[in-house]
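S.K.: fold the following and give me the result.
(chains A, B, C and D)
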There are 2 protein chains.
Amino acid sequence: MFWETTRSSALRSSAPRCHSRLVKTSEDLPLHQRLGAEFQRRIESGEWPEGRPVPSESQLCAEFGTSRGPVRQALALLRNEGSLVGGRGKPPVARRTAPSQPFGTFLSFTQWARTIGREPGQSTVEVARRRASPEAAARLGLAEGAPVVELVRLRLLDDVPAMLERSTFIHEVGRILFDFDPDTGSVYQELLRREVDLHRARHTIDAVAAEPQDAELLRVSVGDPLLRVRRLTTSSQGVPLEDADDRYLPAMATFTIENTIEGRTVIGRYRTEED
Amino acid sequence: MFWETTRSSALRSSAPRCHSRLVKTSEDLPLHQRLGAEFQRRIESGEWPEGRPVPSESQLCAEFGTSRGPVRQALALLRNEGSLVGGRGKPPVARRTAPSQPFGTFLSFTQWARTIGREPGQSTVEVARRRASPEAAARLGLAEGAPVVELVRLRLLDDVPAMLERSTFIHEVGRILFDFDPDTGSVYQELLRREVDLHRARHTIDAVAAEPQDAELLRVSVGDPLLRVRRLTTSSQGVPLEDADDRYLPAMATFTIENTIEGRTVIGRYRTEED
DNA sequence: CGTCAAGAGGTGTCTATACAAGTTACCGTT
DNA sequence: AACGGTAACTTGTATAGACACCTCTTGACG
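M.R.: Alright, predicted model coming up:
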C-alpha cells in the first residue's frame, strides 16, 4: 500500500518532487487525498464496519506517519459525503451511503442505462435545423427565429420504449450532430469529445398527459400520465446550450432526491422497481 | 462588527471562555464559522462582486487578525457551497448561487408554501390508527399488522387544492397526532417540537393517473396525470418514521434538480409558473 | 517589437504545538 | 447498589512556520 514506502520524518519535506511533472501517477496525489481514498476503501470494504467507531485521529496519524492535518482533511472529505458522522469527544462512526449519481450519469441516458445494467438504445425520429420557436428561443436566450437544431429520439431500455426525448440545441452545438449518427451512441459523449463545455444542467420535473405523438411512440394511450423532465444545459459561463423535454414512461424510470437535516443531498435516477 | 472587539494577540488564547455555557450568543460561534458567515454576507451583498477575485488569504488574515487556518476553513465552506471557484496561484472568484432549499422547506408543505409566498391550508380527510398494510409495513420495516397511524390530508395553496397527502407513521410517532389538530398547522413542526428525530428523507418521484379518490378531492378527472412523490422519512439512526404518498397537481408544483460537472447539487420545489 | 527569464505574490499542502470542550470509564463514597 | 466526581482520551479549534506549485508582471535581451 502506498504509505508503506519508507519515509523518514526528516526526508519528508526535502524529498525531491521535481519529477512530478513527468509522471502523474496516483502516488503524486496530495497526501490527504490518498488518505481519503484509503479511508473510503476501508469503509466500502467493511474493514471499518458500518455503525462502529473508526480509529481515532492519533491512531491514524501513527499508522500513516503524518500529522493531524492531512488526516483531518481526509476525514472531512468523507464527512462531506456523509460516510462519516459524529464527532466531538467520541470517535466518528462509519456509514455506507449511496453515492450521488455523477453529472454524466444524470445527463446522459446512455451512461445512465449502463450504470443500472441495461442496454440503452435509440431510434432517431428526426434531426432538423430550423428556426427557434418563441418558447425555445426564450429558454435558450436566443432571438426569436434564430437557427437551432432539433433532435427527437425514442430512447429504449433493453429494446423496450422508455422515454421520448425532444432536444433543442443552439446552432453552434447542434451542427455537430450533422456529422454524427445519433442512432449509434451517446450524443452527450460526442459533444464532450468535441469539447463542448457542458457544465451545468437544470432539471424541472412534472407530470403531463401523453399527447398523440408521445402515445404513438411510447405505445401508450393518449392522456396516459408521463413523467416529464425539462432540462436546460448551460456552459460554465452560463450560456444555454440545450433545452430538452424528456417524457418517461413512469413504469420505466423514477427520480429520487435524498436530503438530510445537515444539508447533504443525493440525487439519482433509477429504473422503476416492479412491486 | 464582531471582529472589531479589540483582541490582542496575547490575550486570544488566555481569554476566559468560561461564560460560554451561560450565554450562547452568535459571538460564541467558532471563529471560522463567523468568518464564513461574514464572507458569505459580503458575496451576497455584492461587497465582493461576482466574477471578481476576492481578497487574498493574507489580506484576510491581516484584516481579521487571525492565522490562515480559520480563514481557509471559512473559504472552504463557501467553496463547498459553490460560492467560490478557482484557486491555485490566482485568488478565487466569487459567484452568487441559488442556495439549495433546506431540509425543512423540502419536507414540510407548510414551510414550503410560506417560502414561495403562498398561504398553506389543509383539510384533514382522516386520521386513523390501524394495522399496517403489507406494503407500508415493508417500507417502514415493521411486521405486517403492526399498529400505524395513517393521515390523509388535502393540501391547499391559497385555498386551491394542490396536493393530496397520504402519510403512514409508525405508531410511536403517529400517536402524537392524536393530541394535535392537523388542520391547524404543520405536522412537521409539531413533530420537531416534540423532539422527533426527523433526520433524512428520501423522495421518489414519478407520475401516476388520478384514482377516484384523488380525482374527487383534487377536482380533476379520473386518469388525469398527477406528480407523485413517495417519501420515506427516517431518523438519524436510520429507523423509518414515516412513509408518505403525495400527489401533486402538475399545474401547482414542480421539482427541480440542478447539478454541475463538479458535483454540486441544488434541489428545489417550486410553484409551477404559468407560461 | 517579441520572447524568455526572473521574481513577487498567491494558493495548496504539511508539520508541530497548544488548549478547549465533550465522552467515557473507573473508582471511591454514600 | 446507586451515585458522583475525576482522569484519560477524543475531537474541535487556533496559531505559527515552512515549502511546493501556479500565475502574472516586469524587465532584460535578442
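S.K.: ranges for the helices of chain A?
M.R.: A:11-14, A:31-45, A:57-64, A:68-80, A:103-107, A:109-115, A:134-140, A:171-174, A:187-193, A:212-218 (DSSP state H).
S.K.: contacting residues for residue A:198?
M.R.: A:107, A:188, A:191, A:192, A:233, A:235, A:241, B:261 (C-beta atoms under 8 Å, 6 or more residues apart in numbering or on different chains). Every residue, glycine included, has its C-beta placed from N, CA and C.
S.K.: which pLDDT value goes with it?
M.R.: The per-residue pLDDT reported for residue A:198 equals 89.
S.K.: check the gap between it and residue A:151 for me.
M.R.: 15 Å (C-beta to C-beta, to the nearest Å).
S.K.: now do residue A:124
M.R.: Distance, residue A:124 to residue A:151, using C-beta to C-beta: 7 Å.
S.K.: what do these two both touch?
M.R.: residue A:182.
S.K.: so those two - more neighbours on which side?
M.R.: Taking neighbours as other C-beta atoms under 10 Å in any protein chain shown, residue A:124 and residue A:151 compare with residue A:151 leading, 20 against 16.
S.K.: just the pLDDT at the more buried one, thanks.
M.R.: 95.
S.K.: and what of residue A:274?
M.R.: For residue A:274, pLDDT reads 53.
S.K.: residue B:273 is nearest to which of the helices of chain A?
M.R.: When the helices of chain A are compared by C-beta to C-beta, helix A:134-140 sits nearest residue B:273, at 11.9 Å.
S.K.: about what we covered before: redo the contacts of residue A:198 as TSV? Include distance to residue A:217 and neighbour count.
M.R.: Putting these into TSV (distance: C-beta to C-beta, whole Å; neighbours: other C-beta atoms under 10 Å in any protein chain shown) gives the following:
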residue	distance to residue A:217	neighbour count
A:107	22	25
A:188	21	18
A:191	24	23
A:192	27	16
A:233	23	22
A:235	31	15
A:241	25	21
B:261	31	16
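S.K.: closest one of the residues you listed to DNA strand D?
M.R.: The closest of the contacts of residue A:198 to DNA strand D turns out to be residue B:261 (C-beta to the nearest atom of the strand; 18.5 Å).
S.K.: now the closest one. Nearest residue, chain neighbours left out?
M.R.: Leaving aside its sequence neighbours, residue B:261 sits nearest to residue A:103 (C-beta to C-beta, 6 or more residues apart in numbering or on different chains; 4.6 Å).
S.K.: residue contacts, the one you found?
M.R.: Residue A:103 neighbours (C-beta under 8 Å, 6+ apart): A:201, B:259, B:260, B:261, B:262, B:263.
S.K.: try it again with 10 Å
M.R.: A:111, A:198, A:199, A:200, A:201, B:259, B:260, B:261, B:262, B:263, B:264, B:265 (C-beta atoms under 10 Å, 6 or more residues apart in numbering or on different chains).
S.K.: from those, list just the buried residues.
M.R.: A:111, A:198, A:199, A:200, A:201, B:259, B:260, B:261, B:264, B:265 (16 or more other C-beta atoms under 10 Å in any protein chain shown).
S.K.: tell me the pLDDT of the first one.
M.R.: Note for residue A:111: predicted pLDDT of 91.
S.K.: now swap in the fifth one and tell me
M.R.: The predicted local distance difference test score for residue A:201 is 93.
S.K.: ok, so what distance separates it from chain B?
M.R.: 6 Å (C-beta to the nearest C-beta, to the nearest Å).
S.K.: that residue pairs with what?
M.R.: Taking DSSP bridges as the rule, residue A:201 bridges to residue A:233, residue B:259.
S.K.: do I have it right that it meets residue A:246?
M.R.: No. Contact criterion C-beta atoms under 10 Å: residue A:201 and residue A:246 do not qualify, at 11.5 Å.
S.K.: next, show the common contact partners of these two.
M.R.: residue A:231.
S.K.: out of the buried ones among the contacts of residue A:103, what pair is the most spread apart?
M.R.: A:111 and B:264 (18.9 Å).
S.K.: okay, how far is it across stretch A:130-145, tip to tip?
M.R.: 8 Å (C-alpha to C-alpha, to the nearest Å).
S.K.: which residues does it contact?
M.R.: With C-beta under 10 Å, 6+ apart, stretch A:130-145 has contacts from A:146-150, A:166, A:168-171, A:230, A:232, A:234, A:238-245, B:275.
S.K.: the residue nearest to residue B:261 and DNA strand D, how far apart?
M.R.: 23 Å (C-beta to the nearest atom of the strand, to the nearest Å).
S.K.: residues contacting the residue of the stretch 101-250 of chain A found nearest DNA strand C?
M.R.: Relative to DNA strand C, the nearest point of the stretch 101-250 of chain A is residue A:236 (17.4 Å; C-beta to the nearest atom of the strand). Going by C-beta under 10 Å, 6+ apart, residue A:236 touches A:197, A:198, A:199, A:200, B:85, B:260, B:261, B:262.
S.K.: let's see 8 Å
M.R.: Residue A:236 sits next to A:197, A:199, A:200 when contact means C-beta under 8 Å, 6+ apart.
S.K.: same question for residue A:248.
M.R.: A:162, A:163, A:226, A:227, A:228, A:229, B:207.
S.K.: now for the nearest residue to residue A:44 once chain neighbours are set aside, how many residues are close by?
M.R.: Using C-beta to C-beta, 6+ apart and skipping residues adjacent in sequence, the residue nearest residue A:44 is residue A:96, 6.8 Å away. Residue A:96: 14 surrounding residues under other C-beta under 10 Å.
S.K.: unless I'm mixing things up, residue A:96 is touching residue A:47, no?
M.R.: No. The criterion here is C-beta atoms under 8 Å, and residue A:96 misses it with residue A:47 at 11.9 Å.
S.K.: might you list the low-confidence residue ranges for chain A?
M.R.: Counting by pLDDT under 70, the ranges of chain A that qualify are A:1-27, A:274-275.
S.K.: how about a cut-off of 50?
M.R.: Residue ranges of chain A with pLDDT under 50: A:4-26.
S.K.: domains in it, by residue range?
M.R.: Following automatic domain parsing, chain A resolves into domains at A:2-94, A:103-271.
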